[in-house]
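> A structural model of the following input is requested.
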Amino acid sequence: MSNALVIIPTYNEKENISEIIPYVFNLERNFDILVVDDNSPDGTAHIVTDLQKKFRDRLHLLNRPEKQGLGKAYIDGFKWALQHQYDYIFEMDADFSHPPKDLIKLLEVLENNEADMSVGSRYLKGKINVVNWDLKRILLSYFASLYVRLITGIPVKDTTAGFVGYKKEVLQNFDFNKIEFVGYAFQIEMKYKAWKKGFKIKEIPIIFTDRTKGKSKMHGGIISEAIWGVLKMRFTKN
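Reported below is the predicted structural model:
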């Protein structure tokens, strides 16, 4: 058993899940994996179950009855990770948009006490490291992060990033019942509240590559939640 756990939320990710799990297990550092599946109709969970026969004690599966949002999937994963006493917990997408090899960099930042929370960032030093996005989506993501910084004052360039590592102490300080957002704004809320609690956040540069398999879960309601949610989060004491 590793002391580091990668949480991968899934909904209809059969094209990716069978590839990303062995990739992570072949890294130079040891990570366990928890797949949190929202009852995917395409059989994603069945693929994970088959892979568990090969990766015993390293690959875990948390089945949820229905699709309830990214934030709730991660919260259930965080609770599981803390119950199983992992020291370092990571968020990562199943579709290879987050480069799995950079898990090592995120881990080293935490191990070396450079930060309590590490973020794989697309927007450092004036660069936009995104591959295969159209201009509209790049601008939407970039200016969403800028908007969050202006409203909240948080010193993080990529506030909407979903490739994140936590020391367990950070998550132990959260009351998960008070996390309000389930979509795009969830990532913002976690960073903002960790920063407000006094935890140090460090970004490392990554190259984000849009998925080539499966379907994106992004939709207008998620973006709307982020826009209005940031204002509510900033001016509400919680």
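
> what's the closest non-adjacent residue to the most centrally placed residue in the chain?
Centroid-nearest residue in the chain, with C-alpha atoms, centre = their mean: residue 91, separated by 3.1 Å. In this structure, residue 91 finds its nearest non-sequential neighbour in residue 164, 4.6 Å apart by C-beta to C-beta, 6 or more residues apart in numbering. Bear in mind the C-beta positions are built from the backbone N, C-alpha and C, glycine included.

> so what's the spatially most distant residue from the centre of the chain up against?
Centroid-distance maximum for the chain: residue 53 at 25.9 Å, with C-alpha atoms, centre = their mean. Applying C-beta atoms under 8 Å, 6 or more residues apart in numbering to residue 53 gives no contacts.

> quick check on it: phi, psi?
With angles defined as degrees, to the nearest 10, residue 53 sits at phi -70, psi -30.

> number the chain from 22, please
Happy to do that; since the first residue is 22 now, the last one works out to residue 74.

> any idea how far it is from residue 95?
26 Å (C-beta to C-beta, to the nearest Å).

> check residue 31 too.
According to C-beta to C-beta, residue 31 and residue 95 sit 12 Å apart.

> mind listing the shared neighbours of the two?
Listed contacts common to residue 31 and residue 95 are residue 57; contacts here mean C-beta under 8 Å, 6+ apart.

> tell me which residues in the top helix by length along the chain are buried?
In terms of residue count, the longest helix belonging to the chain (DSSP state H) is helix 156-173. Buried residues in helix 156-173, defined by neighbour count with 16 or more other C-beta atoms under 10 Å: 162-163, 165-166, 168-169, 172-173.

> what of stretch 196-209?
Residues of stretch 196-209 classed as buried: 200, 202-209 (neighbour count, 16+ other C-beta under 10 Å).

> again with stretch 27-39
Neighbour-count burial for stretch 27-39 [16+ other C-beta under 10 Å]: 27-38.

> from the residues you listed, which land in strands?
Using DSSP state E, 27-31 are the members of the buried residues of stretch 27-39 that sit in strands.

> ok but residue 252 is inside a strand, no?
No: assignment of residue 252 by DSSP: H, G, I helix; E, B strand; the rest coil gives helix, placing it outside any strand.

> wait, doesn't it sit right on residue 169?
No: applying C-beta atoms under 8 Å as the test, residue 252 and residue 169 come out as separate, 10.3 Å apart.

> what's the closest non-adjacent residue to residue 62?
Spatially, and ignoring its direct neighbours in sequence, residue 62 is nearest to residue 33 (6.7 Å; C-beta to C-beta, 6+ apart).

> quick check: that neighbour vs residue 168, distance?
30 Å.

> ok, residue 219 - how many residues close by?
For residue 219, the count of nearby residues is 8 (other C-beta atoms under 10 Å).

> ok, residue 200 to residue 206 distance?
10 Å.

> one more: residue 75?
From residue 75 across to residue 206, the span is 37 Å (C-beta to C-beta).

> what's the answer for residue 138, then?
Applying C-beta to C-beta, the value for residue 138 to residue 206 is 17 Å.

> try residue 250
4 Å.

> just residue 102 next, same as before
For residue 102, the distance to residue 206 equals 22 Å [C-beta to C-beta].
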